[in-house]
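Novice: Whatever this is, show me its structure:
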Amino acid sequence: MKSNFSVSFKCLLAFALALGSTTWPGLMALDRLAVVVDRTTRYSAGTGEASEVIRWLDARKDAHQRTLALGTLTIRHRCKRERDSSRTPAIQPLSHHGVPGDKITITNDLPGCASETWTFAWTGDGQDAYWKQTSYGWRA
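Specialist: Modelled structure (predicted):
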């Protein structure tokens, strides 16, 4: 399992230094900034993790069904949280819950350049919220 976890800290720091060096109110603006967590994880077919991804995908009732055999699965989970939020950003790539603005993209890549991609966004509010498929792509 390879994992790439990145937070846009360098951009945030540069922004903070630029604002702070010009105006005092600029420093107060930092309290309203958001943190974006973007995590990409890859799993090979036949692993327990790949099976979990397929179960998660199959549990989405309105999602397109897989048409290709299982290959390498790439999961990208992107979430945005206010800097002062009491909730920390979710870093589990296949959460059953989220907040508006969260996105999950799953790509199933097979050798020979065939792939399928699903993108989901957390939609709704309260008990009616769910992962809604926002796009699907297939290529050979």
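Novice: what stretches of this protein score poorly on pLDDT?
Specialist: For the chain, applying pLDDT under 70 flags the ranges 1-34, 81-93.
Novice: Mind telling me what element the spatially closest residue to Pro100 that is not a sequence neighbour is part of?
Specialist: Nearest residue to Pro100, sequence neighbours excluded (CB to CB, 6 or more residues apart in numbering): Trp122, at 6.0 Å. The C-beta positions use only the backbone N, C-alpha and C, and glycine is treated the same way. Here Trp122 is covered by strand 114-123, with elements defined by DSSP states H and E.
Novice: List the contacts of Gly126.
Specialist: Gly126 makes contact with no residue, according to CB atoms under 8 Å, 6 or more residues apart in numbering.
Novice: hmm, back to that, neighbouring contacts of the strand holding Trp122?
Specialist: The contact list for strand 114-123 (CB under 8 Å, 6+ apart) reads 57, 60, 63-64, 66-68, 71, 97-109, 129-140.
Novice: can you give me the helices in this protein?
Specialist: 9-22, 24-28, 48-58 (DSSP state H).
Novice: who's the residue nearest to Pro100 bridged to?
Specialist: Trp131 (DSSP bridges).
Novice: For Thr47, see how far away it is.
Specialist: Remark: distance between Trp122 and Thr47 (CB to CB, to the nearest Å) = 26 Å.
Novice: So which of these two has more stuff around it?
Specialist: Applying other CB atoms under 10 Å to Trp122 and Thr47 shows that Trp122 carries more neighbours, namely 19 against 12.
Novice: Please give the number of neighbouring residues around Val35.
Specialist: Neighbours of Val35 (other CB under 10 Å): 17.
Novice: again, but for Leu73
Specialist: By other CB under 10 Å, the residues close to Leu73 number 23.
Novice: how much space between it and Asp125?
Specialist: For Leu73 relative to Asp125 (CB to CB), the value is 30 Å.
Novice: now do His64
Specialist: Counting by CB to CB, the gap from His64 to Asp125 is 25 Å.
Novice: same check, this time on Thr105
Specialist: Separation of Thr105 from Asp125 (CB to CB): 23 Å.
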